[in-house]
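>>> from the sequence below, what's the structure:
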Amino acid sequence: MPPRAEPKTAAEKPAKKAKSSAGGGRKKLSAFNKFMQAEMARLKESEPDIPHQERFKLATANWKTAKENPRAAAA
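Numbers count the residues shown, from 1 in each chain. All right, here's what the predicted structure looks like:
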C-alpha cells in the first residue's frame with residue numbers, strides 16, 4: 001500500500017470561489033403574476049367556498065379589465 005498523504009493545512013488548500021449573487025434567485029414576477037397572486041388571495045378570502053378552478057376563472061376575467069394590465073388600457 002502507498003503511504004498516506006499528510007492532510008493539507010489551511011495555507012496549502014486552494015481558496016474556495018465565492019458564489020456570485022448575480023443570476024441567482026427567483027425570476028421577477030410579471031404584472032400578470034403579481035395581479036393573480038393578489039387576486040387569488042382576495043377571492044379566497046371573500047369567497048372561501050368556491051373551488052380553486054372557479055376562483056382562477058374569476059381572477060383571469062378580472063385581469064382583462066384590471067388597471068395593472070398593460071393591454072387593458074389599449075383595448
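
>>> what is the longest helix along the chain packed up against?
Ranked by residue count under DSSP state H, the longest helix found in the chain is helix 31-46. Counting contacts by 3 or more C-beta pairs under 8 Å, 6 or more residues apart in numbering; DSSP states H and E, helix 31-46 packs against helix 52-63. For every residue, glycine as well, the C-beta is placed using N, CA and C.

>>> next one: the helix it packs on to chain centre, how far?
Chain-centre distance of helix 52-63: 20 Å, with C-alpha atoms, centre = their mean, to the nearest Å.

>>> gap between the residue sitting nearest the centre point of the chain and E12?
For the chain, R26 is the residue whose C-alpha lies nearest the centre (C-alpha atoms, centre = their mean; 4.8 Å). According to C-beta to C-beta, to the nearest Å, R26 stands 39 Å off from E12.

>>> returning to what we had before: ok, the residue nearest to the centre of the chain to N33 distance?
Counting by C-beta to C-beta, the gap from R26 to N33 is 11 Å.

>>> go on, M40?
Applying C-beta to C-beta to M40 and N33 gives a distance of 11 Å.

>>> same drill for the two, tell me which one is more crowded.
Taking neighbours as other C-beta atoms under 10 Å, M40 and N33 compare with M40 leading, 15 against 11.
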